[in-house]
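A.B. asks: Fold the following and give me the result.
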Amino acid sequence: MPVQQIGIPHRPEPPLWNLDATILLVEDDAGDALLVEEMLADSELDSALTWCKTLAEARAFLGTATTPVCVLLDLHLPDVHGLDAVRQILESDSDAAIVVLTGLEESGTGLRAVAGGAQDYLVKGRLGPEVLARAIRYALQRKEVERAAAALRDNRLIAQENARLERGLLPVPLLRDDRFRARARYEPGRVHGLLSGDFYDVVQTSDGTVHAVIGDVSGHGAAEAALGVCLRVAWRTAVLCGTSHPEQIALLEEILVAERSDSHVFATVTSLAFPPGQRHAQVLRAGHPGLLLREGTDVTWVEPEGGMALGLLPGAGRWPTVDIPLTPGAGLVLFTDGLFEGRDGPDSRLGEEGLLAMARANGHLPARAFVDALVAGAAEGAAPYGGLADDVAVLHLGWGSESDER
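C.D. replies: This is a model prediction of the structure:
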């Protein structure tokens, strides 16, 4: 529909306020429109003015507007009457600031318009350049405050959801025997700044065996984080129900395939079992990186035979269980690939060899300090290049491996 433009005469003195916004007058009375035009010309505002005679014209204009808009809205138009005009303007542009123009006897209507979403109302018979300019400025500012408040509420809701995800992703180890030591650390990647698909858990069953798992769902975001929580809870349930080691992994793959939002999503997993009083750990790897073996101050890289990641070829995976001998006081350190895939140079990454060298340099440290040193070292190396891009999860596990920890 045609939109008539009203040009404001050039004023020799520069305006005090450049709103960087469009003023849209929705008014079918030409006399009232001319009055508003003259008051704006005499005011301190410098902003384009568009005049529409009907609500339909106004809605069409709002659909194409690229800058903030303050709508001066008469409630008595040929195609709408009353407060429904406010509702329809907000339907067209929820970010528009609205100043309702009322008659001398319609102050109650103006108040109801403000309650219905307008920012202010003005009585036509009491208009003046200063009053009109102030109402427009305040309306735009109030709308900006409303948007900021809405964004703050959204951020608070997101923070609450992240806290719930954090409780799911970062569980408290369920241990019955204080002779077994478990230390964990989780750091969200700097790219997304939120928890993502890395997960871990530690559970000791009634027979004294300690079970542990660490995994990484491909991708980043809420969907991957939720899937990581789902897999962790399913793993803990399977362990407590006495499901065998290989059956646990097969079950996780079934759940992954059923719950993933995209057929390309997969997960890498390492699952361990530490039988009580025995000098070995049973390890099952599904596409996950190797692990570190700590014996005294010595640190070695261990990469037992494993199978493919979960979800790559559903139902076709085979995951052998491998025994790793452990000397008294030895510890195993599990981690996700975010620990060694961060950049440490313009064209290089820390890598597995760099991580092993860092681990050996800190091999004298007790478990908690050792884990912290690995994370700090990886983060420090990546800091000049944007920080760690991926999440990092680390588990330090072993019978009596921290008896001397300070």
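A.B. asks: And the strands in the stretch 51-200 of the chain, which stretches?
C.D. replies: Counting by DSSP state E, counting those that start in this stretch, the segments of the stretch 51-200 of the chain that form strands are 69-74, 76-77, 80-81, 97-102, 120-123, 180-187, 198-204.
A.B. asks: Dump those strands into CSV; add mean neighbour count, mean pLDDT and distance to residue 139 as well.
C.D. replies: In this view, the C-beta of every residue, glycine as well, is placed from N, C-alpha and C. Putting these into CSV (neighbours: other C-beta atoms under 10 Å; pLDDT from 0 to 100; distance: least, C-beta to C-beta, whole Å) gives the following:
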stretch, mean neighbour count, mean pLDDT, distance to residue 139
strand 69-74, 26, 93, 5
strand 76-77, 18, 92, 19
strand 80-81, 16, 90, 20
strand 97-102, 25, 92, 4
strand 120-123, 19, 90, 5
strand 180-187, 21, 91, 45
strand 198-204, 25, 93, 47
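A.B. asks: could you dump the ones you listed to a markdown table with distance to residue 290?
C.D. replies: Below are the strands of the stretch 51-200 of the chain laid out as a markdown table (distance: least, C-beta to C-beta, whole Å):
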| stretch | distance to residue 290 |
| --- | --- |
| strand 69-74 | 59 |
| strand 76-77 | 72 |
| strand 80-81 | 70 |
| strand 97-102 | 59 |
| strand 120-123 | 66 |
| strand 180-187 | 18 |
| strand 198-204 | 16 |
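A.B. asks: Nearest to residue 396, out of these?
C.D. replies: Taking C-beta to C-beta as the criterion, residue 396 comes closest to strand 180-187 out of these, the separation being 4.2 Å.
A.B. asks: Mind listing the strands the closest one pairs with, and their directions?
C.D. replies: Paired strands of strand 180-187, with direction, are strand 392-399 (antiparallel) (DSSP bridges).
A.B. asks: so how far is the strand it pairs with off the chain centroid?
C.D. replies: Shown here is strand 392-399, whose average C-alpha point lies 26 Å from the average C-alpha point of the whole chain (C-alpha atoms, centre = their mean, to the nearest Å).
A.B. asks: So for it, mean pLDDT?
C.D. replies: When pLDDT is averaged along strand 392-399, the result is 93.
A.B. asks: Can you list the low-confidence ranges for the stretch 101-250 of the chain?
C.D. replies: Regions of the stretch 101-250 of the chain meeting the criterion pLDDT under 70 cover residues 104, 161-170, 189-196.
A.B. asks: all helices of it, in order?
C.D. replies: Listed in chain order, the helices of the stretch 101-250 of the chain (DSSP state H, counting those that start in this stretch) span 107-115, 129-169, 222-240, 245-259.
A.B. asks: neighbours of the closest residue to residue 33 other than its chain neighbours, just the number please.
C.D. replies: Distance criterion C-beta to C-beta, 6 or more residues apart in numbering; nearest residue to residue 33, sequence neighbours excluded, is residue 27 at 4.9 Å. By other C-beta atoms under 10 Å, the residues close to residue 27 number 23.
A.B. asks: same thing with the one 5 residues further on?
C.D. replies: By the criterion of other C-beta under 10 Å, residue 32 has 16 neighbours.
A.B. asks: sec struct for it, please.
C.D. replies: Assigned state for residue 32: helix (three-state reduction, DSSP: H, G, I helix; E, B strand; the rest coil).
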